[in-house]
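Novice: I need the structure of the sequence given here:
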Amino acid sequence: METTTKTAKEIFLDVQANPARKKFGFGEKAILVNIDPQKAYTRTDLFKTAYETDPNQMEHINGLARQFRELGWPVVWTHVAYMESAEDAGIWGTRTDTPDSLQNIKFDSERSEFDDRLEIDKVKDVIYLKKMPSAFFETQLQSLCVWHRVDTIVLTGGSTSGCIRATGVESLSRGYRTIVPEECVADKHESYHYANLTDLSLKYCDVLKTAEVTDWLNSEIAKK
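Specialist: Numbering: from 1, shown residues only. Here you go, the predicted model:
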């Protein structure tokens, strides 16, 4: 095992700056999957479980969603919420039991609500309730991808080390090109965030600047 005194961010920047690093690339059609951008994780002024990495994250996500809708491509939003008994959180909800605990994100609670800054089209967009880290696990996301014949999945939301990573790994495992726009994902700590972006970039996904993703979407819009 190699050792280093570099920070996780410095290692990530080294990886991204490597001109020999190959990419999976964009495919023919994509789906936008926005993972758990709900108040429990986005409203740092309300909940200590929330986090912010790029202050413009919600604006970036809204911009991508508008481009996807213009293309007629699917936009998905996921969120988590649990029963009063928390039995639907399973073993994941057993290590702590405080007001901030995962399983205490209850249905109809403020923690379960999407961030008010998001522009969600409740007629055209798809909203999934999920219980576990991956957006694929026990949701209809795979069927939706098949129906729309997408070959590329763009992931936003959080956390980078949790649900983004879990969904990114599963997305690759299911055969999809997977794109993570850097400014559109967030985590509780810089170290976790950049360490997982590095790992995703080296193994499972293309971690790109959001501008590169919007440029590709604009080129697809221009073809219409």
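Novice: In terms of helices and strands, where is residue 221?
Specialist: If you go by DSSP states H and E, residue 221 is part of helix 210-222.
Novice: Run through who's touching that helix.
Specialist: 26, 60, 63-64, 67-68, 70-71, 154, 179, 181-184 (C-beta atoms under 8 Å, 6 or more residues apart in numbering). No exception for glycine: its C-beta is placed from N, CA and C like everyone else's.
Novice: Going through the residues you listed, which ones are buried?
Specialist: Among the contacts of helix 210-222, those scoring as buried are 26, 60, 63-64, 67-68, 71, 154, 179, 181-184 (criterion: 16 or more other C-beta atoms under 10 Å).
Novice: Identify, from these, the entry nearest to residue 198.
Specialist: Using C-beta to C-beta, residue 182 comes nearest to residue 198 of the buried ones among the contacts of helix 210-222, at 11.5 Å.
Novice: which stretches of this structure form helices?
Specialist: Taking DSSP state H as the test, the helices found in the chain are 8-16, 39-42, 57-71, 141-148, 165-173, 190-203, 210-222.
Novice: Which elements pack onto the fourth one?
Specialist: Which is helix 141-148. Applying 3 or more C-beta pairs under 8 Å, 6 or more residues apart in numbering; DSSP states H and E, we find helix 141-148 packed against strand 30-35.
Novice: can you state the direction angle for the strand it packs on and helix 141-148?
Specialist: Strand 30-35 and helix 141-148 are oriented at 160 degrees to each other (axes from the mean of the first three to the mean of the last three C-alpha atoms, to 10 degrees).
Novice: contacting residues around the residue nearest in space to the middle of the chain?
Specialist: The C-alpha lying nearest the average C-alpha coordinate of the chain belongs to residue 156 (C-alpha atoms, centre = their mean; 3.2 Å). If a contact means C-beta under 8 Å, 6+ apart, then residue 156 has 32, 33, 34, 35, 37, 57, 60, 61, 64, 181, 184, 185 as its contacts.
Novice: Let me know the pLDDT of residue 75.
Specialist: For residue 75, the model assigns a pLDDT of 98.
Novice: And the residue nearest to the centre of the chain, how far from residue 90?
Specialist: Note on residue 156: its distance to residue 90, by C-beta to C-beta, to the nearest Å, is 26 Å.
Novice: which residues of this protein score low on pLDDT?
Specialist: Low-confidence segments of the chain (pLDDT under 70): none present.
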